[in-house]
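K.L.:
what follows is a predicted protein model with its sequence.
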Amino acid sequence: MNLKSITKKMWLKKFLKKYYFRHFETFLYHDGRISRKDYWIFSFLNILLMMFMGFLFESLEILLPSIAYNIFEFICSIFWIYILIAWKMLDIRRMHDIGMSGWWTMIPIFSILFYLCKGDDKENKYGPS
(Lines give C-alpha, C1' and ligand atoms only; values in the text may rest on other atoms or scores of the structure.)
Protein backbone atom coordinates (compact mmCIF):
# COMPACT_ATOMS: atom_id res chain seq x y z
CA MET A 1 0.00 0.00 0.00
CA ASN A 2 1.27 3.41 -0.87
CA LEU A 3 0.60 6.74 0.82
CA LYS A 4 -1.89 7.81 -1.85
CA SER A 5 -4.19 4.81 -1.29
CA ILE A 6 -4.00 5.24 2.48
CA THR A 7 -4.92 8.92 2.13
CA LYS A 8 -7.91 8.02 -0.05
CA LYS A 9 -9.15 5.49 2.50
CA MET A 10 -8.76 8.02 5.31
CA TRP A 11 -10.71 10.60 3.30
CA LEU A 12 -13.57 8.16 2.73
CA LYS A 13 -13.62 7.21 6.41
CA LYS A 14 -13.76 10.88 7.47
CA PHE A 15 -16.46 11.62 4.90
CA LEU A 16 -18.67 8.72 6.02
CA LYS A 17 -18.17 9.56 9.67
CA LYS A 18 -19.02 13.23 9.16
CA TYR A 19 -22.02 12.85 6.88
CA TYR A 20 -23.43 9.40 7.66
CA PHE A 21 -22.43 7.56 10.82
CA ARG A 22 -22.59 10.51 13.21
CA HIS A 23 -26.33 10.74 12.60
CA PHE A 24 -26.81 7.25 14.01
CA GLU A 25 -25.21 8.31 17.30
CA THR A 26 -28.17 10.62 17.90
CA PHE A 27 -30.82 8.78 15.91
CA LEU A 28 -33.52 9.18 18.58
CA TYR A 29 -32.70 12.85 19.14
CA HIS A 30 -35.09 15.09 17.21
CA ASP A 31 -34.11 18.44 18.73
CA GLY A 32 -31.79 20.75 16.89
CA ARG A 33 -31.12 21.42 13.24
CA ILE A 34 -29.35 19.82 10.28
CA SER A 35 -28.09 21.57 7.18
CA ARG A 36 -29.43 20.94 3.71
CA LYS A 37 -26.07 19.50 2.62
CA ASP A 38 -25.89 17.02 5.51
CA TYR A 39 -29.46 15.91 4.92
CA TRP A 40 -29.05 15.29 1.19
CA ILE A 41 -25.72 13.48 1.54
CA PHE A 42 -27.25 11.20 4.20
CA SER A 43 -30.28 10.61 1.95
CA PHE A 44 -28.14 9.89 -1.11
CA LEU A 45 -26.00 7.38 0.80
CA ASN A 46 -29.15 5.66 2.10
CA ILE A 47 -30.56 5.40 -1.41
CA LEU A 48 -27.30 3.86 -2.62
CA LEU A 49 -27.40 1.43 0.29
CA MET A 50 -31.00 0.49 -0.53
CA MET A 51 -30.09 -0.20 -4.15
CA PHE A 52 -27.16 -2.37 -3.07
CA MET A 53 -29.34 -4.26 -0.58
CA GLY A 54 -31.99 -4.82 -3.25
CA PHE A 55 -29.38 -6.29 -5.56
CA LEU A 56 -28.05 -8.43 -2.70
CA PHE A 57 -31.55 -9.68 -1.85
CA GLU A 58 -32.20 -10.72 -5.43
CA SER A 59 -28.85 -12.50 -5.67
CA LEU A 60 -29.14 -14.30 -2.34
CA GLU A 61 -32.71 -15.41 -2.97
CA ILE A 62 -31.36 -17.62 -5.75
CA LEU A 63 -28.27 -18.83 -3.87
CA LEU A 64 -29.48 -19.43 -0.31
CA PRO A 65 -31.90 -22.04 0.97
CA SER A 66 -35.28 -20.74 2.01
CA ILE A 67 -34.69 -20.74 5.79
CA ALA A 68 -31.30 -19.01 5.57
CA TYR A 69 -32.74 -16.38 3.25
CA ASN A 70 -35.64 -15.73 5.64
CA ILE A 71 -33.23 -15.25 8.54
CA PHE A 72 -31.13 -12.87 6.44
CA GLU A 73 -34.27 -11.00 5.43
CA PHE A 74 -35.37 -10.64 9.07
CA ILE A 75 -31.98 -9.28 10.16
CA CYS A 76 -31.96 -6.80 7.29
CA SER A 77 -35.52 -5.71 8.14
CA ILE A 78 -34.44 -4.80 11.67
CA PHE A 79 -31.48 -2.91 10.22
CA TRP A 80 -33.79 -0.99 7.86
CA ILE A 81 -36.17 -0.06 10.67
CA TYR A 82 -33.19 1.42 12.50
CA ILE A 83 -32.16 3.40 9.40
CA LEU A 84 -35.71 4.65 8.75
CA ILE A 85 -36.03 5.91 12.33
CA ALA A 86 -32.73 7.78 11.99
CA TRP A 87 -33.85 9.18 8.63
CA LYS A 88 -37.16 10.37 10.09
CA MET A 89 -35.33 12.15 12.93
CA LEU A 90 -33.19 13.91 10.31
CA ASP A 91 -36.38 14.90 8.48
CA ILE A 92 -37.59 16.57 11.67
CA ARG A 93 -34.26 18.32 12.23
CA ARG A 94 -34.30 19.50 8.60
CA MET A 95 -37.71 21.09 9.18
CA HIS A 96 -36.29 22.76 12.29
CA ASP A 97 -33.48 24.22 10.19
CA ILE A 98 -35.98 26.17 8.08
CA GLY A 99 -37.91 27.26 11.17
CA MET A 100 -40.85 24.86 10.85
CA SER A 101 -42.29 22.22 13.12
CA GLY A 102 -41.30 18.60 12.60
CA TRP A 103 -44.98 17.77 12.14
CA TRP A 104 -44.70 19.04 8.55
CA THR A 105 -42.86 15.81 7.72
CA MET A 106 -46.21 14.02 7.93
CA ILE A 107 -47.29 15.70 4.67
CA PRO A 108 -44.89 14.17 2.12
CA ILE A 109 -45.39 16.58 -0.79
CA PHE A 110 -44.86 19.69 1.32
CA SER A 111 -41.96 18.23 3.24
CA ILE A 112 -40.05 17.30 0.05
CA LEU A 113 -40.37 20.91 -1.12
CA PHE A 114 -39.22 22.20 2.26
CA TYR A 115 -36.13 19.94 2.23
CA LEU A 116 -34.90 21.97 -0.75
CA CYS A 117 -35.22 25.31 1.06
CA LYS A 118 -32.21 27.06 2.50
CA GLY A 119 -32.09 26.99 6.28
CA ASP A 120 -32.18 30.02 8.55
CA ASP A 121 -28.78 31.67 8.75
CA LYS A 122 -29.34 32.90 12.28
CA GLU A 123 -30.49 31.12 15.37
CA ASN A 124 -34.16 30.21 15.40
CA LYS A 125 -36.39 28.70 18.07
CA TYR A 126 -34.93 25.25 17.37
CA GLY A 127 -31.32 26.17 18.01
CA PRO A 128 -28.23 27.73 16.42
CA SER A 129 -27.41 27.24 12.76
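P.N.:
Great, that's in hand.
K.L.:
give the burial count for Phe72, as a bare number.
P.N.:
For Phe72, the neighbour count with other CB atoms under 10 Å is 15. Every residue, glycine included, has its C-beta placed from N, CA and C.
K.L.:
does it belong to a helix or a strand, and which?
P.N.:
Per DSSP states H and E, Phe72 falls inside helix 66-97.
K.L.:
tell me how far that helix lies from the chain's centre.
P.N.:
9 Å (CA atoms, centre = their mean, to the nearest Å).
K.L.:
quick one: list the elements packing against it.
P.N.:
In terms of contacts (3 or more CB pairs under 8 Å, 6 or more residues apart in numbering; DSSP states H and E), helix 66-97 is packed against helix 22-25, helix 36-63, helix 108-115.
K.L.:
now do it and helix 36-63, the angle between them.
P.N.:
170 degrees (axes from the mean of the first three to the mean of the last three CA atoms, to 10 degrees).
K.L.:
tell me the mean pLDDT for helix 66-97?
P.N.:
Helix 66-97 shows a mean pLDDT of 84.
K.L.:
now it against helix 108-115, angle please.
P.N.:
Computed by the same axes, to 10 degrees, the angle between helix 66-97 and helix 108-115 is 60 degrees.
K.L.:
quick revisit: now the helices and strands packed on helix 66-97 in JSON lines, with distance to Ile75, mean neighbour count and mean pLDDT?
P.N.:
Output for those, formatted as JSON lines (distance: least, CB to CB, whole Å; neighbours: other CB atoms under 10 Å; pLDDT from 0 to 100):
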{"stretch": "helix 22-25", "distance to Ile75": "17", "mean neighbour count": "14", "mean pLDDT": "66"}
{"stretch": "helix 36-63", "distance to Ile75": "11", "mean neighbour count": "13", "mean pLDDT": "83"}
{"stretch": "helix 108-115", "distance to Ile75": "28", "mean neighbour count": "13", "mean pLDDT": "78"}
